[in-house]
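Enquirer: Attaching a predicted model along with its sequence, questions to come.
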Amino acid sequence: MYSITENDVECSAPAKKLLKLSEDFNTVAENEQCKADVVDITTEYFAEEEDKDNDNDLPNISVYKRQEIDVGISEFISPDCGFTGILKERISDFIVNEIDSLGKVVELTDLSLSVGSMETDLSLKAPSESDINLGEFVFPENIEADIEKLNCCVKEDEVTIGKVAFSAPTDKDARGKIHEYIRAKYPRCESTTMTDSEGRTTISVERKSSTSRKHWRTKRPQSLDTKYIIFHLYKFNHNTQECVSRIARAIHLRPKSFGFAGTKDKRGITVQRVSVHHSSMKQLQNAKLPPGVVIGNYSFSPCQLNLGDLWGNRFRVILRNCSVSDGGTFHEVVERCCDSLGTRGFINYFGMQRFGCYATATHCVGRALLQRDWNAAVDLILKSKFESRVEITKDYWWKDDVIVKDIVENRPQCVSFFDVEFNILKHLAKHGGSNALGALETLPRNQLLLYLHSYQAFIWNSVVSQRLRLTERPATAVLVGDLIRKDNTVVCVTEENYSQYSIEDVVIPLPGSEVKYPANDCFKWMLDYINRDSLDVNSLKFRNCDKPLPGSYRHIISKPKDFTWDIIKYSDPKLPLLLSDTDVIEGKVLPASIPDGNLTALRLEFSLSSSSYATMAIRELTKVDSVTLCT
């Protein structure tokens, strides 16, 4: 177990509070029956200590009860009456299994390291040079021929060319494509980006050294492409990004060595694939993992997992303490609501978890980043997990140098949900409190993109709600000027063809530089929201040197697939009503429904495509907002 005591480190009161927080974190993580989240314990602890040490106390940590309207969620598709229930009353009531790009549900079934049973993950395919679009870039004359000479040498002593260098584009994404192309076409070579004293950017290519780190490839089957290890990550009440960061620290790698197809809910049990480079299965098996984290089902892959490398997710959900006030018996109402959800679907809103559960919503950080207000972005991140009544900015941490010194020095002993804040504080402590941009650049690229994409999600939610609320025609009608996406082609609805489509075909773009916009009021509303923030819809980017966010398309309506439901009667409120993957491994059996039980639960199972939210489907099913459902 991950734990530390005060005797292990000399530190002052603020850092000791974080050490106590770590102990409480382990206690809660091991106790599935604890209804409160980890942060609730920290609130109670700091509240008890508030009178004892007011001068150097860290502020209270608490979950902020953001409302759906705050992030643009307001409408329902069906006017039918719903029912009440409690979602995620127990953490084990919400189980998510990733579905890979081939449609296979990802499950944790094998914890062994039997190399003979290893297979290559067929859902991932390494790109060839023909798959990589270099855009407008063209290699200078003779450069590829020289790289080919480096690549064709069987032994290092046959190399006659030291390095091959050429001028590189200033755009980082364009350079990334060039590096990817070189890796795919010339596997014996490696490329790096170099910047000279005059600021000129070049790409240097040289032969891979035989002395490079290779121990992580030992004992792998030579018949398989073993560049990456893929494992199934089972996590209980953990955030994906922070969980991966802690696994990385346990095996002494950087988080960027890991890849995953998508982030999963924290409050729940989730299983997903993770890829890792420069590691071995033995290292992973021996890693000191956080409580509630299990890894297994190892396989090999020629390439890493990237965001979006999945079809979607399979959900198994329990709604407890269900009841209905009118409209018939509970069974009749549930049957009617489930039929409606299965046939009509739900509004494909970005769910509340996309915007975070703390005082500062992630889309607010994204807006500050797009406005290039670096100081505001740092302040928002540092105070995001603290009560809004306390003005926590980077200046707060400098009111006593001891606080920053202790927190930075004792960072490994502190809980994982401070990862982002510690990265920023560590940079500011080293380079000075005024270097906000440098502090932000220490964050993982995926973390920065999460903030930017949250802002796009907020705009999308707001525009969709306005479209469904303000149009004169029925909310589910197709409008002239709407966009339709079929077979990767986007067309505009006209007076002549609108009868050919349904609301299920309509997409609304997430704002960006590479999307087409609706030829109706939806585009006007989107411009109004973005212009209100002093931003340009075609130039949403973090820094001047970055490419603008390209944007994407998202269907207004989503439908669950393979949707099943059943009603369960039970009496013990602590009784598990679902089996997790580890329960199956341990041979546990699901308890049967008790006909005369005094409590009623609804068990749901369904699959959703990637980026669709189960909480939004359940919101439509019950006609209860997702914030109320989870309280």
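Expert: Great, that's in hand. Residues are numbered from 1 along each chain as shown.
Enquirer: Show me the beta-bridge partners of the nearest residue to residue 162 once chain neighbours are set aside.
Expert: Sequence neighbours aside, residue 206 is the residue nearest to residue 162 in space, at 6.9 Å (criterion: Cβ to Cβ, 6 or more residues apart in numbering). Just so you know, the C-beta spots here come from the backbone N, C-alpha and C atoms, and that holds for glycine as well. With DSSP bridges as the criterion, residue 206 is bridged to residue 163, residue 190.
Enquirer: Can you report how many residues neighbour residue 206?
Expert: 17 (other Cβ atoms under 10 Å).
Enquirer: correct me, but it touches residue 194?
Expert: No - the criterion here is Cβ atoms under 8 Å, and residue 206 misses it with residue 194 at 11.2 Å.
Enquirer: what ranges do the strands span in the stretch 151-300 of the chain?
Expert: 163-167, 189-195, 201-207, 228-236, 258-260, 269-277, 293-301 (DSSP state E, counting those that start in this stretch).
Enquirer: how far away is the residue nearest to residue 162 from residue 443?
Expert: 30 Å (Cβ to Cβ, to the nearest Å).
Enquirer: Ok, residue 133 next?
Expert: 28 Å.
Enquirer: Neighbour count: the two, which is higher?
Expert: Using other Cβ under 10 Å as the criterion, residue 133 and residue 443 rank with residue 443 on top: 18 against 8.
Enquirer: For that one, pull up the helix or strand it's in.
Expert: Assigned by DSSP states H and E, residue 443 belongs to no helix or strand.
Enquirer: Now do the same contact list for it.
Expert: Residue 443 makes contact with 420, 423, 424, according to Cβ atoms under 8 Å, 6 or more residues apart in numbering.
Enquirer: What pLDDT is listed against it?
Expert: Per-residue confidence (pLDDT) for residue 443: 87.
Enquirer: phi, psi of it?
Expert: Backbone torsions of residue 443, given as degrees, to the nearest 10, read phi -80, psi 150.
Enquirer: same question, residue 570
Expert: Per degrees, to the nearest 10, the backbone of residue 570 is at phi -150, psi 170.
Enquirer: mind listing what the residue nearest to it when sequence neighbours are not counted touches?
Expert: Nearest-residue entry for residue 570: residue 597, 4.6 Å, with adjacent residues in sequence omitted and distances by Cβ to Cβ, 6+ apart. With contact taken as Cβ under 8 Å, 6+ apart, residue 597 is in contact with 569, 570, 571.
Enquirer: Doesn't residue 597 belong to a helix?
Expert: No - the assignment for residue 597 by DSSP: H, G, I helix; E, B strand; the rest coil gives coil, which leaves it out of any helix.
Enquirer: which phi and psi does it have?
Expert: phi -60, psi 150.
Enquirer: Equivalent analysis for the one 3 residues further on, please.
Expert: In this entry, residue 600 is assigned phi and psi values of phi -120, psi 130 (degrees, to the nearest 10).
Enquirer: That one: neighbouring residues, count only.
Expert: Around residue 600 there are 21 residues (other Cβ under 10 Å).
Enquirer: same question, residue 139
Expert: 15.
Enquirer: Residue 169 too?
Expert: Neighbour tally, residue 169, other Cβ under 10 Å: 17.
Enquirer: That one and residue 137 touch, don't they?
Expert: Yes - between residue 169 and residue 137 there is a contact under Cβ under 8 Å: 6.0 Å.
Enquirer: any residues in contact with both of those two?
Expert: Common neighbours of residue 169 and residue 137 (Cβ under 8 Å, 6+ apart) are residue 178.
Enquirer: which sections of the stretch 251-400 of the chain are below the confidence cut-off?
Expert: For the stretch 251-400 of the chain, the stretches with pLDDT under 70 are 384-400.
Enquirer: Correction: the previous question concerned the chain.
Expert: 1-64, 114-129, 153-161, 197, 199, 209-226, 384-419, 432-433, 471-474, 544-545.
Enquirer: spatially speaking, which residue is in the middle of it?
Expert: For the chain, the residue nearest the mean C-alpha position is residue 263 (2.8 Å; Cα atoms, centre = their mean).
Enquirer: That one - nearest residue in space that isn't next to it in sequence?
Expert: residue 240 (4.3 Å).
Enquirer: show me what contacts that neighbour?
Expert: 260, 262, 263, 264, 270, 272.
Enquirer: a markdown table please, covering these and showing distance to residue 235.
Expert: Below are the contacts of residue 240 laid out as a markdown table (distance: Cβ to Cβ, whole Å):
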| residue | distance to residue 235 |
| --- | --- |
| 260 | 11 |
| 262 | 13 |
| 263 | 11 |
| 264 | 7 |
| 270 | 6 |
| 272 | 8 |
